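Peer 1: missing the sequence, but the structure's below:
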(Lines give C-alpha, C1' and ligand atoms only; values in the text may rest on other atoms or scores of the structure.)
Protein backbone atom coordinates (compact mmCIF):
# COMPACT_ATOMS: atom_id res chain seq x y z
CA UNK A 1 0.00 0.00 0.00
CA UNK A 2 3.02 2.23 0.40
CA UNK A 3 4.11 1.79 -3.21
CA UNK A 4 4.02 4.31 -6.00
CA UNK A 5 3.98 2.59 -9.38
CA UNK A 6 5.55 4.54 -12.23
CA UNK A 7 5.45 3.89 -15.95
CA UNK A 8 6.97 3.68 -18.46
CA UNK A 9 10.44 2.69 -17.36
CA UNK A 10 11.94 4.48 -20.37
CA UNK A 11 10.60 6.87 -22.95
CA UNK A 12 11.92 8.21 -26.24
CA UNK A 13 10.31 11.33 -27.66
CA UNK A 14 11.12 13.49 -30.64
CA UNK A 15 12.01 17.13 -30.07
CA UNK A 16 8.85 19.17 -29.87
CA UNK A 17 6.71 16.22 -28.86
CA UNK A 18 4.79 15.59 -25.64
CA UNK A 19 6.31 13.36 -22.96
CA UNK A 20 3.87 11.67 -20.60
CA UNK A 21 4.83 9.76 -17.45
CA UNK A 22 2.23 8.10 -15.27
CA UNK A 23 2.12 7.17 -11.61
CA UNK A 24 -0.41 5.32 -9.48
CA UNK A 25 -0.74 4.92 -5.72
CA UNK A 26 -2.86 3.03 -3.22
CA UNK A 27 -2.53 4.90 0.05
CA UNK A 28 -5.32 7.47 0.20
CA UNK A 29 -3.52 9.21 3.06
CA UNK A 30 -0.93 10.60 0.65
CA UNK A 31 -1.40 14.36 0.44
CA UNK A 32 1.57 15.67 -1.49
CA UNK A 33 2.84 14.49 -4.86
CA UNK A 34 6.16 15.88 -6.13
CA UNK A 35 8.08 15.11 -9.28
CA UNK A 36 11.86 15.07 -9.25
CA UNK A 37 14.21 15.44 -12.20
CA UNK A 38 17.64 13.83 -12.16
CA UNK A 39 20.43 14.38 -14.66
CA UNK A 40 23.19 11.74 -14.96
CA UNK A 41 25.64 11.84 -12.09
CA UNK A 42 23.62 14.42 -10.17
CA UNK A 43 21.19 14.34 -7.30
CA UNK A 44 17.46 14.68 -8.03
CA UNK A 45 15.89 18.13 -7.90
CA UNK A 46 12.27 19.08 -7.34
CA UNK A 47 10.57 19.88 -10.63
CA UNK A 48 6.92 20.43 -9.77
CA UNK A 49 4.49 19.24 -7.11
CA UNK A 50 0.75 19.04 -6.50
CA UNK A 51 -1.67 18.51 -3.62
CA UNK A 52 -4.86 16.50 -4.08
CA UNK A 53 -7.16 19.50 -3.76
CA UNK A 54 -6.37 20.52 -7.35
CA UNK A 55 -6.63 18.50 -10.55
CA UNK A 56 -3.89 20.20 -12.52
CA UNK A 57 -0.83 22.34 -11.98
CA UNK A 58 1.22 23.93 -14.72
CA UNK A 59 4.67 25.46 -14.58
CA UNK A 60 6.02 26.45 -17.95
CA UNK A 61 6.16 23.38 -20.18
CA UNK A 62 5.57 21.00 -17.26
CA UNK A 63 2.07 20.03 -16.12
CA UNK A 64 0.90 17.63 -13.43
CA UNK A 65 -2.53 16.10 -13.92
CA UNK A 66 -4.09 14.55 -10.81
CA UNK A 67 -7.03 12.14 -10.67
CA UNK A 68 -7.93 11.58 -7.03
CA UNK A 69 -10.69 9.04 -7.66
CA UNK A 70 -8.43 6.90 -9.82
CA UNK A 71 -5.46 7.46 -7.51
CA UNK A 72 -3.30 8.42 -10.44
CA UNK A 73 -1.18 11.38 -11.41
CA UNK A 74 0.92 12.14 -14.43
CA UNK A 75 3.60 14.49 -15.69
CA UNK A 76 3.25 16.05 -19.11
CA UNK A 77 6.21 17.77 -20.75
CA UNK A 78 5.06 19.89 -23.66
CA UNK A 79 7.39 20.81 -26.53
CA UNK A 80 9.99 18.37 -25.21
CA UNK A 81 13.61 19.46 -25.70
CA UNK A 82 16.88 17.50 -25.71
CA UNK A 83 17.76 19.31 -22.48
CA UNK A 84 14.80 17.59 -20.84
CA UNK A 85 16.56 14.24 -21.24
CA UNK A 86 16.83 12.98 -17.68
CA UNK A 87 15.33 10.49 -15.27
CA UNK A 88 12.04 11.55 -13.72
CA UNK A 89 10.73 10.26 -10.41
CA UNK A 90 7.24 10.67 -9.07
CA UNK A 91 6.78 10.52 -5.33
CA UNK A 92 4.15 10.70 -2.63
CA UNK A 93 4.02 11.46 1.06
CA UNK A 94 1.50 12.00 3.84
CA UNK A 95 1.68 14.39 6.73
CA UNK A 96 3.27 13.00 9.86
CA UNK A 97 5.48 10.58 8.04
CA UNK A 98 8.59 12.55 8.98
CA UNK A 99 9.48 13.30 5.42
CA UNK A 100 9.57 9.75 4.16
CA UNK A 101 8.85 10.27 0.50
CA UNK A 102 7.79 7.16 -1.34
CA UNK A 103 9.40 7.25 -4.78
CA UNK A 104 8.44 5.57 -8.01
CA UNK A 105 11.17 3.63 -9.78
CA UNK A 106 11.86 6.36 -12.29
CA UNK A 107 11.44 6.98 -16.01
CA UNK A 108 14.43 7.61 -18.21
CA UNK A 109 13.42 10.16 -20.82
CA UNK A 110 15.42 10.66 -24.00
CA UNK A 111 14.43 13.51 -26.31
CA UNK A 112 15.82 13.06 -29.79
CA UNK A 113 16.75 16.17 -31.81
CA UNK B 1 20.98 30.26 1.06
CA UNK B 2 21.09 26.63 2.00
CA UNK B 3 23.65 24.25 0.55
CA UNK B 4 24.37 20.57 0.98
CA UNK B 5 27.80 19.04 0.55
CA UNK B 6 28.50 15.37 0.19
CA UNK B 7 31.86 13.60 -0.13
CA UNK B 8 33.66 11.79 -1.48
CA UNK B 9 32.10 12.00 -4.93
CA UNK B 10 33.47 8.64 -6.00
CA UNK B 11 34.90 5.75 -4.06
CA UNK B 12 36.26 2.34 -5.02
CA UNK B 13 36.63 -0.02 -2.10
CA UNK B 14 37.46 -3.73 -1.71
CA UNK B 15 34.98 -6.12 -0.18
CA UNK B 16 35.32 -6.20 3.59
CA UNK B 17 36.76 -2.71 3.90
CA UNK B 18 35.11 0.04 5.97
CA UNK B 19 33.09 2.94 4.59
CA UNK B 20 32.46 6.50 5.65
CA UNK B 21 30.42 8.94 3.59
CA UNK B 22 29.89 12.40 4.97
CA UNK B 23 27.22 15.00 4.39
CA UNK B 24 26.89 18.51 5.76
CA UNK B 25 24.18 21.12 5.34
CA UNK B 26 24.77 24.85 5.58
CA UNK B 27 22.40 27.77 5.93
CA UNK B 28 19.69 26.08 7.96
CA UNK B 29 19.24 24.68 11.43
CA UNK B 30 17.65 21.49 12.73
CA UNK B 31 17.06 19.98 9.29
CA UNK B 32 15.67 16.52 8.71
CA UNK B 33 18.46 14.50 7.13
CA UNK B 34 18.25 11.46 4.89
CA UNK B 35 20.47 8.87 3.22
CA UNK B 36 19.18 7.27 0.04
CA UNK B 37 20.73 4.62 -2.18
CA UNK B 38 20.10 4.47 -5.87
CA UNK B 39 20.87 1.23 -7.68
CA UNK B 40 20.57 1.06 -11.45
CA UNK B 41 16.94 0.63 -12.49
CA UNK B 42 15.68 0.43 -8.92
CA UNK B 43 14.84 3.98 -8.04
CA UNK B 44 15.58 5.67 -4.74
CA UNK B 45 15.70 3.58 -1.61
CA UNK B 46 15.54 5.36 1.76
CA UNK B 47 18.20 3.95 4.09
CA UNK B 48 18.17 6.23 7.12
CA UNK B 49 16.59 9.45 8.28
CA UNK B 50 17.19 11.71 11.24
CA UNK B 51 15.03 14.40 12.80
CA UNK B 52 17.66 15.53 15.30
CA UNK B 53 21.12 14.97 16.77
CA UNK B 54 21.57 11.35 17.76
CA UNK B 55 18.15 10.37 16.43
CA UNK B 56 18.46 7.84 13.62
CA UNK B 57 15.72 5.75 12.07
CA UNK B 58 16.58 2.86 9.80
CA UNK B 59 14.33 1.87 6.95
CA UNK B 60 16.21 -1.12 5.61
CA UNK B 61 18.13 -3.73 7.64
CA UNK B 62 21.66 -4.03 6.30
CA UNK B 63 25.31 -3.75 7.22
CA UNK B 64 25.20 0.04 6.97
CA UNK B 65 24.76 2.48 9.83
CA UNK B 66 24.25 6.21 10.14
CA UNK B 67 25.17 8.79 12.73
CA UNK B 68 24.39 12.43 13.30
CA UNK B 69 27.09 13.83 15.57
CA UNK B 70 26.15 17.46 14.90
CA UNK B 71 22.97 19.24 13.87
CA UNK B 72 23.96 19.59 10.23
CA UNK B 73 26.23 16.58 9.79
CA UNK B 74 25.12 13.14 8.69
CA UNK B 75 27.48 10.21 8.24
CA UNK B 76 26.90 6.86 6.55
CA UNK B 77 29.21 4.04 7.63
CA UNK B 78 29.94 0.39 7.27
CA UNK B 79 32.43 -1.80 9.07
CA UNK B 80 32.68 -4.34 6.24
CA UNK B 81 31.46 -3.60 2.74
CA UNK B 82 29.66 -6.16 0.61
CA UNK B 83 29.52 -6.30 -3.18
CA UNK B 84 25.82 -5.48 -2.93
CA UNK B 85 26.65 -2.16 -1.25
CA UNK B 86 27.75 -0.72 -4.59
CA UNK B 87 25.55 2.12 -5.74
CA UNK B 88 24.93 5.83 -5.83
CA UNK B 89 24.40 7.24 -2.35
CA UNK B 90 22.48 10.45 -1.91
CA UNK B 91 22.21 12.65 1.14
CA UNK B 92 19.21 14.94 1.39
CA UNK B 93 17.64 17.42 3.79
CA UNK B 94 14.29 19.02 4.41
CA UNK B 95 13.07 21.63 6.87
CA UNK B 96 10.07 20.89 9.11
CA UNK B 97 8.77 18.70 6.38
CA UNK B 98 7.19 20.97 3.78
CA UNK B 99 7.33 18.31 1.14
CA UNK B 100 10.58 19.26 -0.59
CA UNK B 101 13.77 17.30 -0.33
CA UNK B 102 17.06 18.89 -1.30
CA UNK B 103 19.59 16.37 -2.51
CA UNK B 104 23.36 16.46 -2.54
CA UNK B 105 25.43 15.63 -5.60
CA UNK B 106 25.79 12.00 -4.58
CA UNK B 107 28.63 9.59 -3.87
CA UNK B 108 29.24 6.72 -6.26
CA UNK B 109 30.53 3.66 -4.42
CA UNK B 110 31.98 0.68 -6.24
CA UNK B 111 32.82 -2.36 -4.15
CA UNK B 112 35.19 -4.80 -5.85
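Peer 2: Received it, and whenever you're ready, just let me know what you need. From a predicted model like this one, the values you see are computed outputs, not experimental measurements. Numbers count the residues shown, from 1 in each chain, chains lettered A, B, ... in the order given.

Peer 1: not counting sequence-adjacent ones, nearest residue to the closest residue to chain B within chain A?
Peer 2: Distance from chain B to each residue of chain A (Cβ to the nearest Cβ) is smallest for residue A:43, at 3.2 Å. Placement of C-beta: from N, CA and C, glycine included. Excluding its sequence neighbours, the residue lying closest to residue A:43 (Cβ to Cβ, 6 or more residues apart in numbering or on different chains) is residue B:103, at 3.2 Å.

Peer 1: in terms of pLDDT, where does the one you found sit?
Peer 2: Looking at residue B:103, its pLDDT is 94.

Peer 1: and for residue A:17?
Peer 2: Looking at residue A:17, the pLDDT reads 98.

Peer 1: that one: what's it in contact with?
Peer 2: A:80, A:111 (Cβ atoms under 8 Å, 6 or more residues apart in numbering or on different chains).

Peer 1: can I assume it sits in a helix?
Peer 2: No: with DSSP: H, G, I helix; E, B strand; the rest coil as the criterion, residue A:17 is located in coil rather than a helix.

Peer 1: low pLDDT regions in the chain?
Peer 2: Since no chain was named, I'll use chain A. Along chain A, the parts satisfying pLDDT under 70 run over A:1, A:96-99.

Peer 1: chain B is the one I meant
Peer 2: For chain B, the ranges with pLDDT under 70 are B:41-42, B:61, B:96-99.

Peer 1: show me where chain B has strands.
Peer 2: According to DSSP state E, chain B carries its strands in the segments B:3-7, B:10-13, B:19-26, B:32-38, B:44-52, B:55-58, B:64-70, B:73-78, B:87-94, B:102-103, B:107-111.

Peer 1: centre of the chain to the shortest one, how far?
Peer 2: Think strand B:102-103. Offset of strand B:102-103 from its chain centre (Cα atoms, centre = their mean, to the nearest Å): 11 Å.

Peer 1: for that strand, packing partners?
Peer 2: Where contact means 3 or more Cβ pairs under 8 Å, 6 or more residues apart in numbering or on different chains; DSSP states H and E, strand B:102-103 is packed against strand B:87-94.

Peer 1: what lies in contact with the strand it packs on?
Peer 2: So strand B:87-94 is contacted by A:43-44, A:99, B:2, B:4, B:6, B:21, B:23, B:25, B:28, B:31-39, B:44, B:74, B:76, B:100-104, B:106-109 (Cβ under 8 Å, 6+ apart).

Peer 1: return the set of buried residues in that strand.
Peer 2: Neighbour counts over strand B:87-94 (16 or more other Cβ atoms under 10 Å in any protein chain shown) mark B:87-94 as buried.

Peer 1: got it, and stretch A:6-26?
Peer 2: Result for stretch A:6-26 [16+ other Cβ under 10 Å]: buried residues A:6, A:11, A:13, A:19-25.

Peer 1: turn those residues into JSON lines, columns for secondary structure.
Peer 2: As requested, the buried residues of stretch A:6-26 are exported to JSON lines (three-state DSSP):
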{"residue": "A:6", "secondary structure": "strand"}
{"residue": "A:11", "secondary structure": "strand"}
{"residue": "A:13", "secondary structure": "strand"}
{"residue": "A:19", "secondary structure": "strand"}
{"residue": "A:20", "secondary structure": "strand"}
{"residue": "A:21", "secondary structure": "strand"}
{"residue": "A:22", "secondary structure": "strand"}
{"residue": "A:23", "secondary structure": "strand"}
{"residue": "A:24", "secondary structure": "strand"}
{"residue": "A:25", "secondary structure": "strand"}
